[in-house]
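[1] My questions are about this predicted structure, shown below with the sequence.
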Amino acid sequence: MGHRLLADINYDNQDVVFDYYKTAIDSLLKMLSISSVSNYQLPSYNKNFIATELDIFPHWLLTTHLSILLSEYEQEQLQTCFSLLIDNALSQPVAFMHRDYHSRNIMLMPDNNRELAIIDFQDAVIGPITYDIVSLLRDCYVVLSDASIKELFDYFKTHFNQQFPEVIHKDAALCVDDKQWQQWFDLMGLQRHIKASGIFARLHHRDQKSGYLNDIPQTLSYIISVTKQYSELQFLHDLVEQRVLPAVLTKMTEKTGAL
C-alpha cells in the first residue's frame, strides 16, 4: 500500500503534477470497464440518488450551519437549478463510478512513485462518465490551474474515446462534441461540489469532524466560477456568491476570533 497521498506531491513542479495526474487518469480509465464486483451488481446512480445528495446542501449547509432560510420562491428556484444538474447527469453514458476519486484517496506506492494505489471503493456505483474525472481535476482539497485542468481533461477525453468508442457512439442521436463534454464536466462538478459543501457541514454538526469546514470556501468557489458561465444557473450563482460564501467566511472569522 502507498505511504503518501497524491495530495502530498509538489504541486509547484508541473512536470511532476502532469505525470501523476495522467497516471491517475489512466487508472480511472481502467476502472471504467468494471460493472460488477465479485458477482455483486453495483447500485445505479439514479435520479432519486442524485436528488438525495443535492438536498444535503440546503439541509446541512444553509439551514443547519448558516441559518439561511429560503423563501418558498427561492426554494423553487434552487430546485429548478437542481433539476438541471440531475438532467445533465442522467443524459450521460454510464460506467463504473468510484464516487470519491480525489487526491486524498490516491496513494503513491513506496517502491515506485509512478504507480498509484486507489482506496475507498465502498461507495462505488454505476453512474455518469464525468463524475470521477471532475472529482479528480476540480478537487475539494487541491486546486489545479484552469490550464492544467483543460489539458488533463483533454487527455481524459482523447483516451476515453480511444478505449470506449462504443460508449459514446452507441446512440446515434447523441452528439458528443467538446461543448457537450464540457457541459457534462461542468455541471457534474457542480452537483458534486454542492453535495460536498453540505457534507462538510454535516461532518461538523453530526459527526464532530470540524476540520472539513476549512474546505467549504474552495468548494463554494468552484460553484461560483462554474455557475457564472451558465445563465440558467443565475439563481444558484447569486445565492452562493452573495449569501452563502460570505456567511461561511464570517462564521470562520468569528470562530478564529473566539480562540
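    Everything's here; your move.
[2] hey, let's count contacts and neighbours off CA atoms from now on
    Will do.
[3] three-state assignment of residue 101?
    coil (DSSP: H, G, I helix; E, B strand; the rest coil).
[4] From here on, call the first residue 59.
    Sure, I'll start numbering at 59, so the last one becomes residue 159.
[5] quick one: contacts for it?
    Contacts for residue 159 (Cα atoms under 8 Å, 6 or more residues apart in numbering) come out as 190, 191, 193, 194.
[6] want to try CSV for those residues, with secondary structure, neighbour count and distance to residue 282 as columns?
    As requested, the contacts of residue 159 are exported to CSV (DSSP: H, G, I helix; E, B strand; the rest coil; neighbours: other Cα atoms under 10 Å; distance: Cα to Cα, whole Å):
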residue, secondary structure, neighbour count, distance to residue 282
190, helix, 26, 20
191, helix, 25, 20
193, helix, 21, 17
194, helix, 26, 19
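[7] Closest to residue 152 out of these?
    Taking Cα to Cα as the measure, residue 190 is the one of those closest to residue 152, at 11.5 Å.
[8] and residue 200, that's in a helix?
    No. Counting by three-state DSSP, residue 200 is not found in a helix; it is coil.
[9] Please name the nearest non-neighbouring residue to it.
    residue 65 (6.7 Å; Cα to Cα, 6 or more residues apart in numbering).
[10] who does the longest helix belonging to the chain touch, helix- and strand-wise?
    As assigned by DSSP state H, the longest helix anywhere in the chain is helix 236-263. Packed against helix 236-263 by the contact rule (3 or more Cα pairs under 8 Å, 6 or more residues apart in numbering; DSSP states H and E) you find helix 105-112, helix 114, helix 130-148, helix 189-195, helix 274-285.
[11] who wins for proximity to residue 158 among the ones you listed?
    Here helix 189-195 is closest among the helices and strands packed on helix 236-263 (Cα to Cα), at 7.0 Å.
[12] thinking residue 303 is in contact with residue 280, fair?
    No. Using Cα atoms under 8 Å, residue 303 makes no contact with residue 280, being 11.2 Å away.
[13] Please save the CA atoms from the helix or strand hosting residue 185 in PDB.
    Following DSSP states H and E, one finds residue 185 within strand 183-186. Presented in PDB, the C-alpha positions along strand 183-186 are these (Å, rounded to 0.1, in the frame of the first residue of the first chain):
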ATOM      1  CA  VAL A 183     -21.900   2.900  -8.200                       C
ATOM      2  CA  ILE A 184     -22.700   2.800 -11.900                       C
ATOM      3  CA  GLY A 185     -23.100   6.400 -13.000                       C
ATOM      4  CA  PRO A 186     -22.200   9.400 -15.300                       C
END
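[14] hmm, who's touching that strand?
    Contact with strand 183-186 is made by 93, 100-104, 147-148, 150-157, as judged by Cα under 8 Å, 6+ apart.
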